[in-house]
Structures are given as structure tokens and as C-alpha cells.
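In: Please work out how this folds:
(one chain, ligands or ions: 1)
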Amino acid sequence: MLGRENPLPPVAVTTGAGPSPAAAAAPLPAAGGTATTRHFLMCPPEHFAVEYAINPWMDPGAGADRAAAIRQWEALRSAYESLGHRVSLIDPVEGLPDMVFAANGALVVGGRVYGARFAHPERAAEGPAYLEWFVRNGYDQVREATFTNEGEGDFLTLDHVILAGTGFRTDIAAHFEAQEFLGRPVVTLRLVDPRFYHLDTALFPLNGHNVAYFPGAFSPGSQEVLRRLFPDAVIAGEDDAAVLGLNAVSDGTHVVINEEAAGLRSALGRAGFEVVPVDLSELRKAGGGPKCCTLEIRG
Ligand code: ARG
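Out: Just a heads-up that it's a prediction; the model follows:
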């Protein structure tokens, strides 16, 4: 087993806002690229359940199988470790069934931690829990958010820009707050389809300079912005989006993606990426996929 056991491995204290390893990598063509080692924060789904409905995927009547969710989550964690990525763990909190979706816990860029402020009261306590993890692990540039934002659910970081979603969860004012705190340009994108309520359900960075996305999740103006910024993007169809195929994690070479996203898997293969399929069907019952379970710590 490659799995690392509790307690948490030590986390280096990072200061300043120098370029992340990803930002330092040479620009690469659209097809494939060089994998860079990532540091991820994950939360075991020990208390996972579908007990309330705050997005159209959730049906409290149908619930979810926690044991299956734990097995699937362990396989995701193993996949990352097999690819050479470092995985740190945060202790799950009882009564917070969505805390497994670590991506929503914060946005960390250049060692600066911008805290989450959840839109729904059911998840509100997750914000301070994640922030406390960072403080405890030596991060000293930590900002409590004034405006509603759900971390990496709605903020996706590329080399020169941070893409930010709004429309369902994250307040547009948080986009500016993040820009000022992180010192990086933030581009606002409007989400229009309630199935794709977070930016990371509709788009993922392939590397530091290109993305894959489902155009139908965005307003016409935001679609045009995406076409201008990413003329070589991998375009996903509705079938792939509907299995949360865009909720994927790329290290520049390997793309960890829901196995059901058949069309997108082929398109990524043709574009030169190595596809690593995972089954997160149980977590999808809460509206989450691989990326939702994964908060990237960008030093
Ligand atoms: N049930 C959670 C919610 O609706 C799922 C969060 C998924 N996370 C994500 N990064 N898209 O808030």
C-alpha cells in the first residue's frame, strides 16, 4: 500500500509569493506536458452522507453508501500517491458530511491561504476547520474571507491567471478580494446551469496555460472569454459534463478523471494526456468528483 497513515506529515512553512513549481515550468504546447509534483490536502469521508440537498445531484431520500465512498476515496488517494504526489490529510469533523470535498476549503496560491466562506449554513463550519489546519501547519499568510466563496470549487489557478466562477455559490466580490490578497489577475466567469454550480464541475486546467471545459455551463459572454483565452482548449460535451467528467485533476501529464467520461477521456488521449480513470460514483451522489475531493496546496 502506498497510503500514508495519520498523523499528518509535516508541512513546510512557506513565505512570500514566489512562483509555484507549476508557474516556473516552461510553457508547453497544448498536447500533454511535463508532470509536476503536487501537494494535495484531502479529507477522509468518515462522516460522508447525503443528508440535505444544496445542489441538484443530492437526494437525501436516496442517501449514499459511506463504506463504498471510503473505498472509492482511498483509491483516489492511492492514485495520487502512485503518480508521485504528496497527500496531506485533515481530520474529518462529525456533522459535516460534505467536508470530504476539500477543494471547497480554501484557495492556496504562493503559500497564501485565502479562506472559504460557505454559501450554505450546512457547510459553514468547514471554513474555520480548514483555515485552522493551515494555521496549525505553519502557514502564516492566512486571510479570512469577507465575502462568500467556496475555495477551489470556484477558483482555478493557471500560470498567469486565476479563473473564478460565480452565479451559484461564490460572490463576485470575493473574486476581487482574492485578486487583492493573492496579487494575481482573476477572471470572472458566469455559471448558468445549476448542475454545474461550481466552476470545477465545468472546467479544469490541463496545465498552467490551457483548460478543458463544457461551454453550456457558462453564459454567452463567459463562453466568449474562454474562447479568447483558450483557443486550443479541449471542449467537452454534455454527456461528459453530466458524469462530472470536468471535475478532473491534471498534473500536466496525467489526468485523474471519472471513468464514465468516455468522450472526454478519448479527447484527452488524443491531445497527448495520460488518462487515470477513477470511480467516484458514490461521491457523485453529493455532486462531487475527483477535483472536489482535492485541495491543491500551491507553495
Ligand atoms: N455537496 C457539496 C456541495 O454542494 C458538493 C461539493 C463539491 N465540491 C466541488 N468542489 N465542486 O457543496
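
In: Could I get the full set of strands for the stretch 101-250 of the chain?
Out: Per DSSP state E, counting those that start in this stretch, the stretch 101-250 of the chain carries strands over the ranges 106-109, 112-115, 142-143, 155-157, 162-166, 186-190, 203-205, 211-213, 234-235, 249-250.

In: show me where the chain has helices.
Out: Assigned by DSSP state H, the helices in the chain fall at 21-24, 66-82, 126-136, 172-182, 220-229, 238-241, 262-270, 281-284.

In: Let me know whether residue 288 touches residue 101 as I believe.
Out: Yes: using CB atoms under 8 Å, residue 288 is in contact with residue 101, at 4.9 Å. All C-beta atoms are positioned from the backbone trio N, CA, C, and that covers glycine.

In: hmm, back to that, would you mind giving the strands of the stretch 101-250 of the chain as CSV with distance to residue 53 and mean neighbour count added?
Out: Formatted as CSV, the strands of the stretch 101-250 of the chain follow (distance: least, CB to CB, whole Å; neighbours: other CB atoms under 10 Å):
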stretch, distance to residue 53, mean neighbour count
strand 106-109, 25, 28
strand 112-115, 25, 24
strand 142-143, 31, 16
strand 155-157, 24, 26
strand 162-166, 20, 23
strand 186-190, 23, 19
strand 203-205, 24, 27
strand 211-213, 26, 24
strand 234-235, 30, 18
strand 249-250, 26, 26
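
In: Can you lay out those as JSON lines showing mean pLDDT?
Out: Converted to JSON lines, those look like this (pLDDT from 0 to 100):
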{"stretch": "strand 106-109", "mean pLDDT": "98"}
{"stretch": "strand 112-115", "mean pLDDT": "98"}
{"stretch": "strand 142-143", "mean pLDDT": "98"}
{"stretch": "strand 155-157", "mean pLDDT": "99"}
{"stretch": "strand 162-166", "mean pLDDT": "99"}
{"stretch": "strand 186-190", "mean pLDDT": "98"}
{"stretch": "strand 203-205", "mean pLDDT": "99"}
{"stretch": "strand 211-213", "mean pLDDT": "98"}
{"stretch": "strand 234-235", "mean pLDDT": "98"}
{"stretch": "strand 249-250", "mean pLDDT": "98"}
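
In: Redo these as TSV? Include distance to the ligand.
Out: Shown next, in TSV, are these (distance: least, CB to the nearest ligand atom, whole Å):
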stretch	distance to the ligand
strand 106-109	11
strand 112-115	15
strand 142-143	20
strand 155-157	10
strand 162-166	10
strand 186-190	14
strand 203-205	11
strand 211-213	14
strand 234-235	19
strand 249-250	11
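
In: Between those, which one is closest to residue 279.
Out: The minimum distance between residue 279 and the strands of the stretch 101-250 of the chain falls on strand 249-250, with 14.8 Å, by CB to CB.

In: Partner strands of that closest one, with direction?
Out: According to DSSP bridges, strand 249-250 forms sheet pairs with strand 254-258 (antiparallel).

In: The strand it pairs with to helix 66-82, inter-axis angle?
Out: If you take axes from the mean of the first three to the mean of the last three CA atoms, to 10 degrees, strand 254-258 sits at 170 degrees to helix 66-82.

In: Would you mind writing the CA trace of strand 254-258 as PDB?
Out: Output in PDB follows, covering the C-alpha atoms of strand 254-258 (Å, rounded to 0.1, in the frame of the first residue of the first chain):
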ATOM      1  CA  HIS A 254      -1.800  12.700 -16.100                       C
ATOM      2  CA  VAL A 255      -5.400  13.500 -15.800                       C
ATOM      3  CA  VAL A 256      -7.300  11.800 -12.900                       C
ATOM      4  CA  ILE A 257     -10.900  11.700 -14.100                       C
ATOM      5  CA  ASN A 258     -14.200  10.000 -13.500                       C
END
